[in-house]
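Enquirer: here's my sequence, what's the structure:
(2 chains)
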Amino acid sequence: MSGTILTYHVDGGDFSNAGNASSNIKKYLKQLNVDPQIIKRIVVALYEAEVNIVAHAFEGDITATLSPTDISIVLADKGPGIKDIGLAMTEGYSTASQKVREMGFGAGMGLPNIKRNVDEMNIETAVGKGTTLTLKVFFVPKS
Amino acid sequence: METPFHHALKILEDVCIGCSHCMKMCPTAAIRIRNGKSTLMPNRCVDCGECYRVCPVHAIIVEQDDFRQVFNYEYRIALVPSVFFGQFPEKYSIRDIYSVLMDLGFTNIVELEHSADLLIDVMKHYMKQPDIEKPVISSFCPAIVRLIQVKFPSLTDHLVQLKTPVDISALYYKKRLINLGIPEEKIGIFYITPCAAKIAAAKSPVAETSSDITGVINMDFLYNKTLRALKNSGKQDETHSDEGIKFLSSRSVRWSLTHGESENFEGRCLAIDEIHNVIQFLEKIENDEVQGVDFLELRACDESCPNGILVTENSFLTVERLRKRAKEYETLEHHKDHQLRMMRLNVDVNKAMEAIHTGEVKPRSMHSLDDDMETAFRKMNEIQDLMKLFPEVDCGLCGAPTCEAHAEDVVQNKSNINRCVFVQNDDKRKNPLDELVKVWGDKVLRIESKSKTDEL
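Expert: As a prediction, the model looks like this:
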């Protein structure tokens, strides 16, 4: 069966709409009767990644492909890129501005937290151009 | 298929005019119009009572047990929430109200928030357990418990697995009477309820196999009887038992008000009332958007229980009186006499926790399109295809509250695509009004015959 594709556009700095993609995708996952704990993992990772675009990039596009067995999500943004992925993957590290932190975002842990919640994660980044994050979660835990 | 659970809200078909006000208001999209009448989808309804509030013709009722059943028991205990007392003007004392309730036939009056003190102690202990899911979500409001089951299935393991004050009080008084040598069949424990959700919870408990409550009496029914008796009588005699009067702690009196739970616990505790506010907040919790919250007090009614659908008095006045009463008790609490009279069970907190522990609340997602994921996937795609046809104006003419709900109904074979006035007319052989008649009944026929008359 072919996958269902869902697309969302995200504007940098638009915190009032941060979370729209996560909430919408969550609705489909519930319709599919995906295990609630797996939905939780997907949504936590996706929300974190979505907020990353809002907090750091100029704009981005989220493309989610749903199949009866898994979800793949590509988050491609135009933005500053990540200078040091190793550092970004460190718990508690953040480059978020003071303004972003005051809004309750940017506590670090973004990427490690995403990685913890997904089955597969791939990150491609070019400094000054942008970052593409690819996530995959299987609906039945892989043993 | 899961068995549909008990609902206290019923729609009287004879009275319903099919105006669809309730359908638009339902927070879980549990109402459809069929043949000109509102119908309830039992697996979606959480008994919050929003439909009851908006019905212009009182076609939605809250079922109740026959009051006369009280007299089938020798020991007739009324478990009365504080909000009941908060409804009466100050000129009537709590003692006056107690004696009226005794005259009506109860042998014991118990303000059920008595047990809140015990619950608070146990809860503090409960929240400190190392493996506890944070935020801990209160299971006090039964409409919220059911809302989480159907709409936020991933959060069911956050719900407190402890009995609520009414169940603790029922358990305690039943045991106490049994310990006095009274046979169980002679004991009737009656809960005076401020809302429909609590009836549903007593009749089909979510996390337990049975309830210690014998019967449920609607608060508006008893309020009418009590106020009438108070107005018709002079001073009541004071020889009746005063068990329970002024034994409550101030925090027990405040328990059913907004912040009544959250004010007792350490850490970051939030209180959210009104079901749409709760839904909005739970969306955030589900996304992990809000972190570091220890406890959530969630109530389906605005202003919590004083605004229950069976509470007659204006909720703001009830809240004001209860806050005033709590304040009075605050001063009393410093007196040793009062402390002794308060129901403080000096029990081991671990034992108490065991005694009031409940099972876990199981998710029952209303969103799931099918148990089989392949089938659910196909249906999900069909819904999306339908959504491309539907206008997304949510006009409700199809008998569903939104285009999306209609699409879901079509895919689940509960409705017909042609009920959408924007889509129908595809089939020229059929009268486009036929489908609307199935939704709106003879209202449509009247319009049709009128237009025919106009043509002539």
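Enquirer: just the helices in chain A please.
Expert: Assigned by DSSP state H, the helices in chain A fall at A:20-31, A:36-56, A:85-88, A:98-102, A:110-117.
Enquirer: out of these, deepest packed?
Expert: helix A:36-56 (a mean of 23; mean count of other C-beta atoms under 10 Å in any protein chain shown). Placement of C-beta: from N, CA and C, glycine included.
Enquirer: quick check: angle from it to helix A:20-31?
Expert: 170 degrees (axes from the mean of the first three to the mean of the last three C-alpha atoms, to 10 degrees).
Enquirer: and helix A:36-56, what does it pack onto?
Expert: Helices and strands touching helix A:36-56, by 3 or more C-beta pairs under 8 Å, 6 or more residues apart in numbering or on different chains; DSSP states H and E, are strand A:4-11, helix A:20-31, strand A:59-66, strand A:70-78, helix A:110-117, strand A:130-138.
Enquirer: wait, which of those is closest to B:Val444?
Expert: Of all these, it is helix A:20-31 that lies closest to B:Val444, at 31.7 Å by C-beta to C-beta.
Enquirer: the closest one near chain B at all?
Expert: Yes - Helix A:20-31 comes into contact with chain B (C-beta under 8 Å from any C-beta of the partner chain), by way of A:Ser22, A:Ser23, A:Lys26, A:Lys27, A:Tyr28, A:Lys30, A:Gln31.
Enquirer: so who does A:Glu50 touch?
Expert: A:Val10, A:Ala18, A:Gly19, A:Asn20, A:Ala21, A:Ser22, A:Ile62, A:Leu75 (C-beta atoms under 8 Å, 6 or more residues apart in numbering or on different chains).
Enquirer: from those, pick the one nearest B:Asp434.
Expert: The closest of the contacts of A:Glu50, once distances to B:Asp434 are taken by C-beta to C-beta, is A:Asn20, at 39.2 Å.
Enquirer: ok, now which ones touch the closest one?
Expert: A:Tyr8, A:Glu50.
Enquirer: I'd like the distance between it and chain B.
Expert: A:Asn20 sits at a distance of 11 Å from chain B (criterion: C-beta to the nearest C-beta, to the nearest Å).
Enquirer: among the helices and strands packed on helix A:36-56, show the one with the smallest mean pLDDT.
Expert: Note on the helices and strands packed on helix A:36-56: helix A:110-117 shows the lowest mean pLDDT, a mean of 89.
Enquirer: how close does B:His276 sit to chain A?
Expert: From B:His276 to chain A the distance is 15 Å (C-beta to the nearest C-beta).
Enquirer: correct me, but that residue touches B:Pro27?
Expert: Yes - using C-beta atoms under 8 Å, B:His276 makes contact with B:Pro27 at a distance of 6.1 Å.
Enquirer: just checking, A:Leu133 touches A:Ile123?
Expert: Yes - in terms of C-beta under 8 Å, A:Leu133 counts as a neighbour of A:Ile123; the distance is 5.3 Å.
Enquirer: these two: which is more packed in?
Expert: Remark: of A:Leu133 and A:Ile123, A:Leu133 carries more neighbours, 24 against 17, as counted by other C-beta atoms under 10 Å in any protein chain shown.
Enquirer: tell me who's in contact with that one.
Expert: Contacts of A:Leu133 (C-beta under 8 Å, 6+ apart): A:Ala49, A:Asn52, A:Val74, A:Leu75, A:Ala76, A:Ile114, A:Met121, A:Asn122, A:Ile123.
Enquirer: now the strand or helix carrying B:Leu317 - C-alpha only, PDB.
Expert: Take DSSP states H and E as the rule and B:Leu317 turns out to sit in helix B:315-332. Extracted in PDB, the C-alpha atoms of helix B:315-332 (Å, rounded to 0.1, in the frame of the first residue of the first chain):
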ATOM      1  CA  SER B 315     -22.100  29.000  40.800                       C
ATOM      2  CA  PHE B 316     -20.500  32.200  41.800                       C
ATOM      3  CA  LEU B 317     -22.700  32.600  44.900                       C
ATOM      4  CA  THR B 318     -22.000  28.900  45.800                       C
ATOM      5  CA  VAL B 319     -18.300  29.400  45.500                       C
ATOM      6  CA  GLU B 320     -18.500  32.600  47.600                       C
ATOM      7  CA  ARG B 321     -20.300  30.800  50.400                       C
ATOM      8  CA  LEU B 322     -18.000  27.800  50.400                       C
ATOM      9  CA  ARG B 323     -14.900  30.000  50.500                       C
ATOM     10  CA  LYS B 324     -16.500  31.900  53.400                       C
ATOM     11  CA  ARG B 325     -17.200  28.700  55.200                       C
ATOM     12  CA  ALA B 326     -13.700  27.400  54.600                       C
ATOM     13  CA  LYS B 327     -12.400  30.600  56.100                       C
ATOM     14  CA  GLU B 328     -14.500  30.200  59.200                       C
ATOM     15  CA  TYR B 329     -13.100  26.700  59.700                       C
ATOM     16  CA  GLU B 330      -9.600  27.900  59.200                       C
ATOM     17  CA  THR B 331      -9.900  29.800  62.500                       C
ATOM     18  CA  LEU B 332     -11.600  26.900  64.200                       C
END
